[in-house]
Every structure is written in structure tokens, then in C-alpha cells.
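S.K.: What follows is a predicted structure for the sequence shown.
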Amino acid sequence: MPELPEVELTRRSLERAVVGKSIERVEIRAPKLRLPIPAELATLLAGRTIRSVARRGKYLLFDCETGWLIIHLGMTGFLRHIPDPALPGKHDHLDVRLTDGSALRLHDSRKFGTVIWTTDDPLTHPLLAGIGPEPLTPAFGGDYLFRVSRSRRVAVKLLIMNAALLAGVGNIYANEALFRAAIRPDRLACSLTQEECDRLALTIQEVLRESIEQGSTYRVAEETTAYHPLEFAVYGRGKGLCTRCNGALEEIRLGNRSTVFCSRCQK
DNA sequence: AGAATTACCTGAGCGC
DNA sequence: TGCGCTCAGGTAATTC
């Protein structure tokens, strides 16, 4: 499940692989993802050069001279540069074929991904305009978290996963950051102190940064875009023991998401 | 305004 | 073997 680190690693990898290259043609095999892939993409992209690859939250933004190709990987999406594209496999929904014979290939079994074309500033697109600050920039920090949480009677885990308040944090890193910050995920956001918000903002940045750093080495070795290179302290370990106190971890559901924490370490 | 719920989709794993 | 069920979860839309 791509969250910010996985999307950022994808961005870095594709930046190296496709910037400066020209698009020959586009093959759309599954026209209907979460939103329909624009059919006119083939006409719009043929002959364009990819000038840059940027990221906003979990969205990848490709500058294609006359407009922007925006791609969200949803739950199960992979976007890879395929040097020698053979016959596409199952769930390979979109190929952007480049003039050097390689291809940018979107694979997404669950079809929760999104492919958008816009000629405007991509950051003003309706799906991107309302996204909260990037967690790894000065726009985000304990003060911001404290301020936006004052009026929110919602579990703090749901608050940090709310894309309108904070970009890029999904279920995995929300679980991990709260464990590191020693804060229970079901605490009401408005009950957090300034000091707790400072701590949580810091651990959110830590887990994202570490995942990007560790992921990059992992990915180079595997020559693929791997998800979740980190070894997790709580995520996916609902039946296990706390790595800090050795007590039994607890698993609950918040907003229909699996949530794992240690009630001894997290208050 | 903010909170809660639902829909979208497929593969894996499980009990029977 | 296969059926039916649950779970995985990002996000927009809808409802309260």
C-alpha cells in the first residue's frame, strides 16, 4: 500500500528513468479505475517530452509540456519503468510507451488508482487543492498539529490520516508514528497537549524519513519498487508482543482500519 | 463544520 | 475442490 515514502521512492526512481524522454504512444487497457482514464490521453501525450516528476501527497505529477499527467497509486498500484516492455500482464492497465523502446507501466490489481490529465497548475486541481501540508516540510510541525486538533473530537490516528489536514500519511505510518510517540491511537485529537503534538509531529517525520532512506537501498538491490521496506513495530503485528515492554499488543478498529498499539507504552 | 458511513475493486486466507 | 465469507485500505461522496 503506497503511502508517502513509497510514492516518493517511485518518484525518485522514475525521475532518473524517464525525465527528458519522449512519449511515443499510450496504451490504455483498463479504461475504468476509480475514475475513468481519459481516453484522449493517447492523443494528448503522443510526441510530448516528460520534463519532470513531482509529488504532492500521494500523487505523482508528470510535467508533459502541454499539461500534467497526475497519477495516484491507490491501494495496490505500482508505476514502473520497464526497459524492455514485453506483453503486458494481468492488471497492467496503462502503458506510456517511450521513444527509446521503454515504457512507463501502471499495474493496479484493485483499481483504486487514479489517472488525471490537466492543463492547469496541477496543485489547483480539485483533487489536489484541498490536501494538507507536506509532513516533511516546515509547513508541518507540532504547532500545526496542536492548532488543527483543538476543535476535533476524533481519534488522533484518524486526524493524522486525514489528507485534508496532512498529506501522505496512511494506516501503516500512522500506527508506527503513534507507537513511537507513545500516544494511544484512540485518544481524542483535542485531548493532546502541545508537548504531545510536538512529539507526534517529530515521530511522523522520523518514520517517513527512515522508510524513504531504507527503502532506497532496498529498492536498488531488488530493482523494483518495493512497498514497506521498514520493519514495523506495531503494524501487522496484532497478535505479537510490544518491542519495548514485551507486553501483548492490542488490535482495535478505528474508522474501519486495523489499529495496533501497546496500552502499556502508549497513553 | 465536523464526524461517521459507504462505495469502489480484487486477491488472499479461512472454515466447512 | 470450491463456495462464501472476511479482510486489506486510499479517498471521494454521501449522510447525519
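M.R.: Structure received. Residues are numbered from 1 along each chain as shown, chains lettered A, B, ... in the order given.
S.K.: Next, count neighbours for the closest residue to DNA strand C within the stretch 101-250 of chain A.
M.R.: Scanning the stretch 101-250 of chain A for the residue nearest DNA strand C gives residue A:170, at 3.1 Å (criterion: Cβ to the nearest atom of the strand). (Each C-beta comes from the backbone N, C-alpha and C, glycine too.) Using other Cβ atoms under 10 Å, residue A:170 has 18 other residues around it.
S.K.: wait, it sits on residue A:6?
M.R.: No. Applying Cβ atoms under 8 Å, one finds residue A:170 not in contact with residue A:6, separated by 9.4 Å.
S.K.: Flag every buried residue along the helix or strand containing residue A:11.
M.R.: Assigned by DSSP states H and E, residue A:11 belongs to helix A:4-18. Neighbour counts over helix A:4-18 (16 or more other Cβ atoms under 10 Å) mark A:4-14, A:17-18 as buried.
S.K.: any idea how chain A splits into domains?
M.R.: A:4-129, A:142-233 (automatic domain parsing).
S.K.: Distance from the chain centre to the last one, please.
M.R.: Yep, that's domain A:142-233 we're talking about. 12 Å (Cα atoms, centre = their mean, to the nearest Å).
S.K.: Just checking it against DNA strand B, any contact.
M.R.: Yes. Judged by Cβ under 7 Å from any atom of the strand, domain A:142-233 and DNA strand B are in contact via A:151-155, A:158, A:189.
S.K.: who wins for neighbours among the residues you listed?
M.R.: That'd be residue A:189 among the residues of domain A:142-233 next to DNA strand B, by other Cβ under 10 Å, with 23 neighbours.
S.K.: For that one, give its distance to residue A:205.
M.R.: 18 Å (Cβ to Cβ, to the nearest Å).
S.K.: Mind checking which of the residues of domain A:142-233 next to DNA strand B land in strands?
M.R.: Using DSSP state E, no member of these falls in strands.
S.K.: Put together CSV for these, with pLDDT on each row.
M.R.: Shown next, in CSV, are the residues of domain A:142-233 next to DNA strand B (pLDDT from 0 to 100):
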residue, pLDDT
A:151, 93
A:152, 94
A:153, 93
A:154, 93
A:155, 95
A:158, 95
A:189, 96
